[in-house]
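1. Dropping a prediction and its sequence here:
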Amino acid sequence: MSPLTRGELAAMLAALMLTLGVPREVTAHRLCKADGARCNTNQSCCSGICTAHVCGTPTTTSTSRTTSSTTSSTTTTTLRFVDNGDGTVTDNQTGLQWEQKVAGSSCLHCVDDTYRWSNSGSAPDGTAFTSFLNTLNGGATGVGNCVSSDGSTQTGGFDNHCDWRLPTIAELRTIIDTSASGCGTGSPCIDATFGPTAASGYWSSTTFAGGPSLAWGVGFDFGFEFSDGKSFNGFVRAVRGGA
């Protein structure tokens with residue numbers, strides 16, 4: 001018997017497997033389409049997904065919109081010293097209302113006029129009180145006559161007020177402004193809103209604790225505090241309001 005060839009041997013083995021009922025392994029070679037290729041069914045795509053006749057997972061495009069909005073804001077700056085237009089100045093920091101001076105002399109608000117704190121030596125009976133303040137408060141005697149005889153109506157007083165007074169030393173020092181133009185070189189150390197101001201000493205209502213014949217004042221020529229004899233003449237500026 002001649003030896004079998006390899007092909008004959010393979011054929012005999014295949015026939016034997018069919019006789020015995022052993023299944024034959026079948027390898028299928030199928031060509032698939034890559035993503036992006038045209039397709040009709042999912043099976044024709046390697047990814048197994050066919051969307052809108054294109055192989056592959058559909059790409060979702062997200063659109064973002066940025067809205068720019070401009071906010072308009074207004075900054076309001078409140079001035080500290082306000083000219084009230086009636087001969088007075090309001091200090092928005094302290095709430096005090098100050099007399100505004102005018103140029104000249106021999107008038108109630110004249111910047112060049114000076115007054116004495118005390119005639120008796122220590123009591124507030126000098127012209128700063130008996131003449132200047134008394135006139136501001138609308139009266140001829142005492143502290144003024146700002147109301148009618150029955151006390152029901154106001155009949156006088158500068159700017160329609162009856163409580164004008166000399167400032168305390170603590171109040172007077174609040175209007176020193178050493179940054180004012182010309183301070184220390186001949187011009188007063190005070191905001192120009194106050195009107196004309198003498199570059200000299202102004203009386204306060206505060207008595208010097210070391211002696212009843214002395215009172216405190218502020219020198220607006222250099223912006224310093226001092227104490228001086230109440231019998232001397234000094235400049236004055238009235239104030240109202242506060243505690």
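-> Nice, thanks for sending it over. What you see is a predicted model; the values in this text were computed from it and never measured. Numbers count the residues shown, from 1 in each chain.
2. how near is residue 105 to residue 196?
-> 11 Å (CB to CB, to the nearest Å). Placement of C-beta: from N, CA and C, glycine included.
3. who has more neighbours, those two?
-> residue 196 (15 against 9; other CB atoms under 10 Å).
4. hmm, back to that, what do residue 105 and residue 196 both touch?
-> Shared contacts of residue 105 and residue 196 (CB atoms under 8 Å, 6 or more residues apart in numbering): residue 111.
5. ok, which stretches of the protein are helices?
-> 6-20, 127, 134-136, 169-173 (DSSP state H).
6. where in this structure is pLDDT low?
-> Along the chain, the model assigns pLDDT under 70 to residues 1-31, 52, 57-76, 139-145, 148-149, 151, 154, 243.
7. domains in it, as residue ranges please.
-> Per automatic domain parsing, the structural domains of the chain span 31-57, 105-240.
8. In CSV: those, plus distance to residue 99.
-> Listed next are the domains of the chain as CSV, based on distance: least, CB to CB, whole Å:
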stretch, distance to residue 99
domain 31-57, 87
domain 105-240, 4
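9. winner for burial among those domains?
-> domain 105-240 (a mean of 17; mean count of other CB atoms under 10 Å).
10. rewinding a little: which of the domains of the chain sits closest to residue 98?
-> Among those, the nearest to residue 98 by CB to CB is domain 105-240 (5.2 Å).
11. so what's residue 239 closest to, chain neighbours aside?
-> Closest residue in space to residue 239, ignoring its immediate chain neighbours: residue 167 at 4.3 Å, by CB to CB, 6 or more residues apart in numbering.
12. With residue 83 instead?
-> residue 193 (5.3 Å).
13. can you pull the contacts of that neighbour?
-> Contacts of residue 193 (CB under 8 Å, 6+ apart): 81-83, 89, 100.
14. List the contacts of the residue lying closest to residue 99 once chain neighbours are set aside.
-> Leaving aside its sequence neighbours, residue 99 sits nearest to residue 238 (CB to CB, 6+ apart; 4.1 Å). Taking CB under 8 Å, 6+ apart, we find residue 238 in contact with 98-99, 132-133, 136, 158, 164-167.
15. Understood, closing this out.
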